[in-house]
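In: Sequence below, structure please.
(chains A and B)
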Amino acid sequence: GQNIDQPTEMTATEGAIVQINCTYQTSGFNGLFWYQQHAGEAPTFLSYNVLDGLEEKGRFSSFLSRSKGYSYLLLKELQMKDSASYLCASPGDYKLSFGAGTTVTVRA
Amino acid sequence: SAVISQKPSRDICQRGTSLTIQCQVDSQVTMMFWYRQQPGQSLTLIATANQGSEATYESGFVIDKFPISRPNLTFSTLTVSNMSPEDSSIYLCSASPTGPYNEQFFGPGTRLTVL
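Out: Model (predicted):
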């Protein structure tokens, strides 16, 4: 099975950087996803890491360490529109298991 | 990619009734899933909708309560049967075009309120 942990809430100011950590314990590793979900909307895909290291996509980057069972999502140059829930998810047993999500609040 | 639509977008239902939610994908996909999301909570997988065979249910979810159909590679339905107020939630359909180890696309969700 999958056991995924991430912080419940984080708050940061506009223009700052926030790092959302995710630790996982899985019966078989098939990569790690990050999704963004704005209140009242469906989740949207941000990143998928299979190999160790950092992958950058504009203001968002995702890091993976398979040996440590650890990933993080890095949000740079925060904007008000980045206020959302960020979900860490791991595929396994032909399905996707989600963490509880981290609610990020960006303040002016 | 895949664009997913769901009907209805929201509904208010009476206790003891049933509601069927439809999920339509704009292209053929390998896998379709149904999730439930309580307010402020993460997504809980209800079942994997299998084309041409019975759905695969997660622990705590049973076919009698949540019957699922998937007649083809682009369409699925979820029925919430004999509803109670505890079934009030957002129900989300998702699809993975190439399999579970690739990106899933989500529908906009169906907000269900049971009185």
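In: rest of the way, CA atoms for contacts and neighbours
Out: Fine.
In: Please report how far the closest residue in space to B:Gln104 that isn't next to it in sequence lies from A:Phe45.
Out: Spatial nearest neighbour of B:Gln104, excluding adjacent residues (CA to CA, 6 or more residues apart in numbering or on different chains): B:Ser96 at 4.6 Å. As for B:Ser96, its distance to A:Phe45 is 12 Å (criterion: CA to CA, to the nearest Å).
In: do B:Ser1 as well
Out: Taken as CA to CA, the span from B:Ser1 to A:Phe45 is 11 Å.
In: more crowded one of the two?
Out: A:Phe45 (16 against 13; other CA atoms under 10 Å in any protein chain shown).
In: The more buried one bridge partners, please.
Out: The partner list for A:Phe45 in beta bridges (DSSP bridges) reads A:Tyr35.
In: How about A:Gln6: what's its closest non-neighbour residue?
Out: Per CA to CA, 6+ apart, closest to A:Gln6 is A:Cys22, 4.7 Å.
In: thought the one you found was touching A:Tyr70?
Out: Yes: assessed by CA atoms under 8 Å, A:Cys22 is found in contact with A:Tyr70 at 5.8 Å.
In: ok so, going back, show me the common contact partners of B:Ser96 and A:Phe45, please.
Out: B:Glu103, B:Gln104, B:Phe105 (CA atoms under 8 Å, 6 or more residues apart in numbering or on different chains).
In: Out of these, the closest to A:Gly58 would be?
Out: B:Glu103 (18.9 Å; CA to CA).
In: For the residue nearest to that closest one when sequence neighbours are not counted, list the residues it contacts.
Out: By the measure of CA to CA, 6+ apart, the closest residue to B:Glu103 outside its immediate chain neighbours is B:Ser96, 6.2 Å from it. For B:Ser96, the contact set (CA under 8 Å, 6+ apart) comprises B:Val29, B:Thr30, B:Met31, B:Met32, B:Asn102, B:Glu103, B:Gln104, B:Phe105.
In: and chain B, which residues reach chain A?
Out: Contact residues (CA under 8 Å from any CA of the partner chain) of chain B with chain A: B:41-45, B:48, B:92, B:99-101, B:103-109.
In: follow-up on the earlier one: state the mean pLDDT of the one helix or strand the residue nearest to A:Gln6 maps to.
Out: Assigned by DSSP states H and E, A:Cys22 belongs to strand A:18-26. Strand A:18-26 shows a mean pLDDT of 92 in the predicted model.
In: and the gap between the residue lying closest to A:Gly31 once chain neighbours are set aside and A:Gly58?
Out: Nearest residue to A:Gly31, sequence neighbours excluded (CA to CA, 6+ apart): A:Val50, at 4.2 Å. With distances taken as CA to CA, A:Val50 is found 19 Å from A:Gly58.
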